[in-house]
Structure formats: C-alpha cells, structure tokens
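J.: Give me coordinates for this.
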Amino acid sequence: MNIGDVIRKYRKEAGLTQEEMARRLGVTTPAVNKWENKNSNPDIELLAPIARLLHISLDTLLSFREELTPSEIKEMIREMDTMFDSEGFEKVYEWASEKIREYPNCNMLIWQFAVILDARRLTDDVPDSEKYDGQISAWYEIALKDKNEDIKRQAADSLFNFYFRKKKYTKAEEYLKYFSANDPMKMIYQGRLYQAQGDKENAYKTYENVLFSAHQTLKFTFNLMMGLAIEDGDFEKARYLAEKMGAAEALFEMGKYNECSPMLDVVCAEKNIEETYRVAVQLLESADSLCDFQKSGLFQHMKFTKPDNSFMESYKEIILELFRNEEDFGYMKGHKDWEALIEKK
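T.: This next block holds a predicted model:
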C-alpha cells in the first residue's frame, strides 16, 4: 500500500479531517491532500509525527512488510485480472512492477505476477512481447532463491518452460536440478528435452519410466486403501477397490495374474470359500503372465531381465505354499476341490 493510501486510511480511522491533520502537523491542507493523492510524499522529518498522530508504527506507515498473506496476494491477483480488460497489458505490467517494488521480499507475489504476465503477453498477443523477457525471467530467478522449497520448485518449473519455449534447451535443463529426484515432472521434462532435440529413443524410454513408476504408485496406494477398508470391515468398499486395482493392472497391461491378485485379500478377509477357490485357480492358471508387462507396447523401450521357465515353475510352487498356510486359509479346510488344488506338485 502506498504511503498516501496508508495516511488516508488511518486518518479516517482516527476521525480526523485533512484540515485537522494539517493543523496538528503544522503543514497546509493542500500538502495532506497531495500525500493522499500520491502527488508528493511527506518530508522525512514528518514521518514520526504522522505515525504518532495516526497511532501506527513507522513500519505500518511505510508499508514495510516482508510478506503478504495468501488472501492479500489472492486479492491483488483478482485486481490484476480485472485490470487487463480495462487497462491493457502495459499498464498492468507497470502496476505489477510497482507492487513488486513495494514488496521486494514477497517471492510468492513476485512469482505469481511473473507467471500471469508471462502467460498474458502470449494469450493476449501483446506486440513486441519479447521486450519483457529480461524482467520476467529476473523475477523468476528472484523466486528461485526463496528458502521455501515449494516456491523454489515452482520458480524452477517456470524457468524451465520459459527457456524451453525459446528452444534454449541447455539452459532449460539447468533448472531440473531444483526438482526432487522422485518428482515425476523432472522425468517428464527430461523426456520433453530429448524429444525436442530429436532423441526419440531416450524420449520414449523416459516417458515409459514415468508410466511404470506411476503404475507402481497407483498399485501401492490401492493396496493401502484396500487394507484400510478391510481393517474397517467394509468389504463392499474393499471389493470395489480391488476391482478398480484390477482394472488399473489391465490398463497398464501388467498381465492376467496381476489383474486377478488384488481380489485375493478381500475374499480371504471375508472368508468367502467359493470365491477364494475361484481366485486361487485364476492365480495358478495365470502365473505364467506375471511378467507379461515386459511384452507390452507401453514399455517396449525399457530393459527388463526376462524370467526363465524355472522361475515361473518355482513361482507356482510359492503360490501353493501360500495357500497351504492354515493360519491364513484354515477356513478352506474340508473343501474337496481346494484340498486337491493345494496338494498339487
């Protein structure tokens, strides 16, 4: 907030007219009027008396704050959005620059203003828009130095896209170091760099790794949610999640075995004898498909170690040993087909 706006706000709150304020400070009424209309600023020796008269601190009078609240930033962005239609890009740019000068340490404000201006100069087809490159990238760089990791990461994202758009791929790649090693966007952006530079093999491989990693995350999350539903005794919810998980396995072409296996935990928790037998038969019959994802077109550029036949046979025996565990499957005792199934060698 400009000092003139501060004076007007707190003068009114103090119940003073411009004439009364001028009289108490020993200045003219037009002088106070000029302060409030931003035509001039008070002399430095008047700052302390003004603050005392208005019952505020010097920091408040000078709007000296390191940061703005999220709601204050949101309000400024709303104001900025409405100004584009009525004032045009150049006026908004000047207004935003002034706000940044008022709050030079509020990096969230600086980053958000830079993002909006960067986007609007393209969508609004602003003439000679490249003349703003230097200032916009400088604002991004300021936000990149913030102590808050979220702000730093967002600024790095903006800088990557800023230079990628300009086909400065080496420069764009520099900002990937600000991404966490586990951030999927880091791999996606690396893939975009490969693709833009004609390295299709590595682009495919990188994108496929993102898909494979996303599948692992989905599977782990579904398992946790399904376990939670079983823990609550909500078997209908658990069955719903198992079906969704099986559908995800099908979507990622992980093989019939992986499509069927999620339901095993549910039917065991329900102690559903017929369903347990049905799922067990499915798993044994589809065990050979455990590594079918290696044949999928989704992952054809990735390198996998292919299992040999002995591994698949031993895996079937591992499944049977699991079913022979009476602690987990004791409720199946007496089911003739089940007992015949688990006696197989």
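J.: what's the burial count for F220?
T.: Using other Cβ atoms under 10 Å, F220 is surrounded by 10 other residues. Bear in mind the C-beta positions are built from the backbone N, C-alpha and C, glycine included.
J.: got a pLDDT number for it?
T.: For F220, the model assigns a pLDDT of 97.
J.: Would you mind stating the distance between it and A248?
T.: 11 Å (Cβ to Cβ, to the nearest Å).
J.: again, but for E313
T.: Distance, E313 to A248, using Cβ to Cβ: 28 Å.
J.: Check E326 too.
T.: From E326 to A248 the distance is 32 Å (Cβ to Cβ).
J.: Equivalent analysis for R324, please.
T.: From R324 across to A248, the span is 30 Å (Cβ to Cβ).
J.: If you count surrounding residues, which of those two has more?
T.: A248 (19 against 12).
J.: leaving aside the residues next to it on the chain, what's closest to that one?
T.: Spatial nearest neighbour of A248, excluding adjacent residues (Cβ to Cβ, 6 or more residues apart in numbering): L218 at 5.4 Å.
J.: Over to K205?
T.: H301 (4.3 Å).
J.: how about the one you found, secondary structure?
T.: Here H301 is recorded as coil under DSSP: H, G, I helix; E, B strand; the rest coil.
J.: Going forward, the N-terminal residue is numbered 495.
T.: I'll keep to 495 as the first residue from here, and by that count the last item is H795.
J.: What number of residues are in the vicinity of it?
T.: Neighbour number of H795 under other Cβ under 10 Å is 16.
J.: Next: the one 4 residues further on.
T.: Here the neighbour count serves as a burial measure; for T799 (other Cβ under 10 Å) it reads 7.
J.: what do you get for the one 10 residues further on?
T.: Y809 has 16 neighbouring residues, counting by other Cβ under 10 Å.
J.: List the residues that contact it.
T.: Counting by Cβ atoms under 8 Å, 6 or more residues apart in numbering, Y809 makes contact with A781, L784.
J.: if I look at it, how far off is S755?
T.: If you go by Cβ to Cβ, the gap between Y809 and S755 works out to 12 Å.
J.: what's the answer for K585, then?
T.: 62 Å.
J.: Between these two, which is the more surrounded one?
T.: It is S755, of K585 and S755, that has more neighbours when counted by other Cβ under 10 Å, with 21 against 12.
J.: and the protein, what are its domains?
T.: 497-555, 564-673, 711-836 (automatic domain parsing).
J.: can I get those domains in CSV with distance to N696?
T.: Shown next, in CSV, are the domains of the chain (distance: least, Cβ to Cβ, whole Å):
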stretch, distance to N696
domain 497-555, 54
domain 564-673, 13
domain 711-836, 9
